[in-house]
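# when you get a sec, could you give me coordinates for this:
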Amino acid sequence: MDYQWDFSAIIAYKALLLVGLQNTVILGVTCLVLGLFFGIFVGAARYSRNPVFYWPSTAFVEVFRNTPVLVQIIWFFFAFPIISPFEINAFTAAALGLTLNTTAFSSEIYRAGIQSIDRGQWEAAKALGMGYIDQMRRIIMPQAVKRMIPAFMNRAVELMKMTSLASVIAYGELMHQAKTISTIAFNPIEMYSAVALLFFALIYPAALLVQRFEQRMAARG
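So this is what the prediction gives:
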């Protein structure tokens, strides 16, 4: 194959790529923070024996865990404005889809972490006169969170990669910017190769951090 590689467009349009990289980080961090925050409540509700909390939280988790994120993003962008009085821009639609999906998955991480705590811890807290909320806040969650951290870090890595799905609704993240530049400069091979390297540079350090943390946790038993 006699293909002439030309990376000059990457230099010429580096400002657009940097904007896309910035938007990718903003979207990923926003969805991660919101997803982990709301996941606490959904996970606690999933662990509750009260059907008022258990069944709605279970329905939420099953819907958003078992439907594609791409479908969720497209639904929020195109369908949600039709059935609601709210205007939804590309960032909001992408953030809703990714945040709710992250909430569903993180709630299962919280639930698994809570279940991993020995039942005697619950009984000891109850013997001290603590209610359910105080048991969770003061005894259970501080122990469970340490066991959840590797799973949360892996989820953060996955979420950062899923931000590229926002390109289908023209949100100006890294993939969308690369698509725009490639149509102008007619260099899709070079442009998408550069985007792959940028994602790798962004995500690989986090993946190494996950691996290092898991090794330290294993060494501590």
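# show me where the chain has its helices.
8-12, 14-47, 51-65, 69-74, 80-83, 90-115, 119-127, 132-134, 141-162, 174-185, 188-220 (DSSP state H).
# got JSON lines for those, with distance to Asp2 too?
Using the backbone N, CA and C atoms, a C-beta is placed for each residue, glycine as well. As requested, the helices of the chain are exported to JSON lines (distance: least, CB to CB, whole Å):
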{"stretch": "helix 8-12", "distance to Asp2": "19"}
{"stretch": "helix 14-47", "distance to Asp2": "27"}
{"stretch": "helix 51-65", "distance to Asp2": "48"}
{"stretch": "helix 69-74", "distance to Asp2": "36"}
{"stretch": "helix 80-83", "distance to Asp2": "49"}
{"stretch": "helix 90-115", "distance to Asp2": "39"}
{"stretch": "helix 119-127", "distance to Asp2": "68"}
{"stretch": "helix 132-134", "distance to Asp2": "69"}
{"stretch": "helix 141-162", "distance to Asp2": "33"}
{"stretch": "helix 174-185", "distance to Asp2": "20"}
{"stretch": "helix 188-220", "distance to Asp2": "13"}
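# Val168 is nearest to which of these?
Closest approach to Val168 among the helices of the chain (CB to CB): helix 69-74, 6.6 Å.
# now do that closest one: everything it contacts.
The list of residues contacting helix 69-74 from outside it, by CB atoms under 8 Å, 6 or more residues apart in numbering, reads 64, 93-94, 96-98, 100-101, 162, 165-166, 168-169.
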